[in-house]
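> give me a model of this one.
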Amino acid sequence: MRAKSLQISLSAAATLIAVAFLPAHARPASAQPAGLEVLYAGSDAPISIVVFSDYACPYSSQLYFQLEKLEKEYPSRLRVMMKQMPLQIHPQSPLAHEAALAAAAQGKLSAMSELLFANQGRLDRDSLLTYAHEIHLDSEAFRTALDTHQYRPMVEEDLLEASALGIDATPTLFLNGHRLDGFQDLKNLEEITGKELAKNDAAGQTAPQQAESSAAAGADSIAPDLFSRLTQSAAEARGPATAPVTIVEFSDFQCPFCRQTVQPLEDLLAQRPGEVRLIFRSFPLDFHQYSELAHEAALAAGAQGKFWPMHDLIFAHQSRLERADLVRYAAQLGLDMAAFEHALDAHVYAGQIAADRALGAQFDVTGTPTLFINGKRLTGARSLVELESLADEQARIAQGSAAQEAVVAPKPEQDTDFVVLGADSAPIRVLWFTDVRSPLALRAAALLREIDQAYPGQLRIEYKTMELASHADAELAGRALLAAGSRQRFWPMFEALAQSHATLDRDAVARHASALGLDAAGFPASLDGAAVTEAIERDQAEATRRAVTGSPAIFIGAVRIDGLQPLHVYKEAIEAALAAHNSLAQSSGR
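Here you go, the predicted model:
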C-alpha cells in the first residue's frame, strides 16, 4: 500500500531540509556537519530529500534503490541526505550506521550504503571491515572509527531529531516539505518530484529578481501597530520593556529547530544587555505528542518564577517529555510540587497556550520557530550572526538611523572563561566541551592544537568541563584541570589525567599534582575553592543550555561539531567565522 503524503509544517519539514543542506558557515550552532550524510548533492538542486533510514530495515533498502533510480532520472536536480535511524529491533544496525558515516568521511557514503542495504543479513563488525576493504577505504582509519565509536554522537543526534519530529518507523522521508512514511515506489516519487519541479520552474519564470541582505533573506514585515499586538500580555519575557529591539518567538518544546534557536538567542541577550527583549509564546504543533503538556509545565514553573530554568531543562532533554519527566524537572528546580502537579492535571494553562496559538495563526504562523524582530518575520532556526545583524538593523531603524549604516560592534563578553589555546583578543571564539576521562580526549586535544597552529592569532579556544554519566570521576578531573590551569599547568595535568586508566580519587589527583611540581599543600584545597566551583557550575549550565550530552562537543562561531570529525570540517567552520568577522569589521569601518 502506498504510504500517505502530507504537507508538514514549515519548520518541521522545509526547515529540516533547509538546515540540512546549508553550507557549513550558515548552519545554526547545533546543526551537525551535513556533508557526511549527503548522498547526492546537485548544485542548486530544486528538490531536497531527507531520508530517515535503518540499514537493517528491508523497506529502507527498497526505498534506497528507488532513490538511486530517481537520481538517474533527474541528474543534478536532487539533493538527498541520509539520516541515521537504527531501530531497537535491529541490534547490528547502530554499528552499520557508524560504518556508513566512517565511509562518508572518506567520500564513500554511496558505495558503503549500497553494500549495507544489499547485505542486510551481514552487518557484523567483520563484515563491515570487509566492505571497507572492498571499496578501498583507509582500513586503519575505518577500524579506529568503529572501535572508538567516533560517529555515534551523530547517530544519536539523528535519533533525537527523529523523536522530536514524531518519527517512529523507517523509512520516513521529506521531499520538499512533503512527509512520506514507509516504502515509496518509483511512480509515486516521480509524481511528487515532477510536481515540485514544475512549481520551481514556474516560480523561476515569474518571480522578480530582488536584492536583499543576507540577514533579511526570507523575512517579511508587519506594521508596527500590528506588531504591538504580539507584545501585549506577554506571560514570559526577558529584557527590559524599553529595549529598542523586541523579539517575539513562537516556539514548540518538541521541535528540534526551536532547540537550535535557544543558544543563539541566549547569546544575543547576553551580548546586548538592555538592548534586546525576548517574548516567548507557546505554539505546540499538533504532531508532537508531548509538546502541549511540556508548554503547560513551563508555564506552571513560570507561575513560581522558574519559567526560563524549566525552558532550558525541557530543551536540554527534548526526547524525555512525558509527565513523569516534567515532574522530575520541577523537583530539580525546587518547585512547590503540589501546585505544579495540580496545574498539569487540571490543565490550568491550556487556555493561555490556546491563546498564543490563536494569536500566531492571526499572523500566519504555521511552523516553529517563527520570530518577529520588531515586526520583521524570520522562520526556521537562525544563527547568532543572522540574529545580530537583523537586531542591529532594527535597532538603528528604531533610533531613526538608516538601516544600511555601519553595524555596531558587539560588546565584549565578560572575561570569565578559561582560554587554553590562542589569544584572549583573538576574533574567533572556540568552545571545547570535553570530558578528560573520555577515550577521545587526547585526540580532540591534538586536533585543537593543530587548528590553533593553522590559524595563529585567530582563535580563542576555551576549555569547558564536561561530565559523562559513565565517568564517576569526571567532575574531580575537571576540578583538577581548572586548579592546575590557574597555576599554568593545564596541559601537563590534562595529559596525565587523559592517559591514566585507573579510576581517579583525591589521592591520585594529589599524586599527579605533586609529579607536576604543584604545591602539595595548597593544590588539594583549591579543588573545592570558590573559583573552581563557580567555573564548574557555569560550564554545567552552559552545557545544559546548549544541549551538550557527548564529549567532545566543539562550537566554532555559529557551528556546532559533535564527536571527532575530519580536519576539513573544523577548517570550513573557522573560515566561515573569519569571513563573517572580516565582513563585520569592514562594514563598521574598522
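> where exactly do the strands run in the stretch 251-400 of the chain?
Listed in chain order, the strands of the stretch 251-400 of the chain (DSSP state E, counting those that start in this stretch) span 276-282, 370-373, 376-379.
> against which helices or strands is the last one packed?
Other helices and strands packing on strand 376-379, by 3 or more CB pairs under 8 Å, 6 or more residues apart in numbering; DSSP states H and E, are strand 370-373, helix 384-398. In this view, the C-beta of every residue, glycine as well, is placed from N, C-alpha and C.
> so what does the last one touch, helix or strand wise?
Using 3+ CB pairs under 8 Å, 6+ apart as the contact criterion, the neighbours of helix 384-398 among helices and strands are strand 245-251, helix 256-271, strand 370-373, strand 376-379.
> now swap in the shortest one and tell me
Packed against strand 370-373 by the contact rule (3+ CB pairs under 8 Å, 6+ apart) you find strand 245-251, strand 376-379, helix 384-398.
> rewinding a little: okay, the strands of the stretch 251-400 of the chain, which one's buried deepest?
With neighbours defined as mean count of other CB atoms under 10 Å, the strands of the stretch 251-400 of the chain peak in mean count at strand 370-373, which reaches a mean of 25.
> which residues are contacting it?
Strand 370-373 is contacted from outside by 10-11, 222, 227, 230, 245-250, 261, 283, 360, 363, 377-379, 382, 387, 390-391, 394, using CB atoms under 8 Å, 6 or more residues apart in numbering.
> reformat the helices and strands packed on helix 384-398 into CSV and put distance to T434 next to each item.
Listed next are the helices and strands packed on helix 384-398 as CSV, based on distance: least, CB to CB, whole Å:
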stretch, distance to T434
strand 245-251, 30
helix 256-271, 18
strand 370-373, 32
strand 376-379, 33
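> turn those into CSV, including mean pLDDT and distance to F494.
Converted to CSV, the helices and strands packed on helix 384-398 look like this (pLDDT from 0 to 100; distance: least, CB to CB, whole Å):
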stretch, mean pLDDT, distance to F494
strand 245-251, 93, 38
helix 256-271, 87, 26
strand 370-373, 90, 40
strand 376-379, 83, 41
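> quick one: which of the ones you listed is nearest K187?
K187 lies closest to helix 256-271 among the helices and strands packed on helix 384-398, at 31.5 Å (CB to CB).
> let me know the angle separating that closest one from strand 276-282.
150 degrees (axes from the mean of the first three to the mean of the last three CA atoms, to 10 degrees).
> could you check how far helix 256-271 is from the centre of its chain?
Offset of helix 256-271 from its chain centre (CA atoms, centre = their mean, to the nearest Å): 10 Å.
> mind giving me the packing neighbours of that helix?
So helix 256-271, by 3+ CB pairs under 8 Å, 6+ apart, packs with helix 15-21, helix 152-164, strand 245-251, strand 276-282, helix 307-316, helix 384-398, helix 530-545.
> helices or strands next to the third one in the packing?
Helices and strands touching strand 245-251, as assessed by 3+ CB pairs under 8 Å, 6+ apart, comprise helix 224-231, helix 256-271, strand 276-282, strand 370-373, helix 384-398.
> buried deepest among these, which one?
Of these, strand 370-373 is the most buried (mean count of other CB under 10 Å), at a mean of 25.
> could you list the paired strands of it along with their orientation?
strand 245-251 (antiparallel), strand 376-379 (antiparallel) (DSSP bridges).
> who's in contact with P240?
G274, R277.
> helix/strand/coil for it?
coil (DSSP: H, G, I helix; E, B strand; the rest coil).
> any idea how far it is from R277?
P240 is 6 Å from R277, where distance means CB to CB, to the nearest Å.
> ok now stretch 572-588, how far from the chain's centre?
21 Å.
> and that stretch, which residues are buried?
Buried residues in stretch 572-588, defined by neighbour count with 16 or more other CB atoms under 10 Å: E572, A573, I574, E575, A576, A577, L578, A580, H581, L584.
> over to stretch 312-323?
So, applying 16+ other CB under 10 Å, buried residues of stretch 312-323: D312, L313, I314, F315, A316, H317, Q318, L321.
> now these in CSV, with distance to K108?
Listed next are the buried residues of stretch 312-323 as CSV, based on distance: CB to CB, whole Å:
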residue, distance to K108
D312, 40
L313, 40
I314, 39
F315, 35
A316, 35
H317, 35
Q318, 32
L321, 38
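> closest one of these to W432?
Distances from W432 to these, taken by CB to CB, are shortest for A316, at 19.1 Å.
> so for that closest one, what's the pLDDT?
Listed pLDDT for A316 reads 90.
> where does pLDDT dip in the stretch 51-200 of the chain?
The stretch 51-200 of the chain contains residues with pLDDT under 70 at 164-165, 177, 200.
> strands of that one, start to end?
Along the stretch 51-200 of the chain, the segments classed as strands by DSSP E, counting those that start in this stretch run 78-84, 172-175, 178-181.
> re the thing from before, how about the helices and strands packed on strand 370-373 in CSV, adding distance to L326?
Shown next, in CSV, are the helices and strands packed on strand 370-373 (distance: least, CB to CB, whole Å):
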stretch, distance to L326
strand 245-251, 16
strand 376-379, 28
helix 384-398, 29
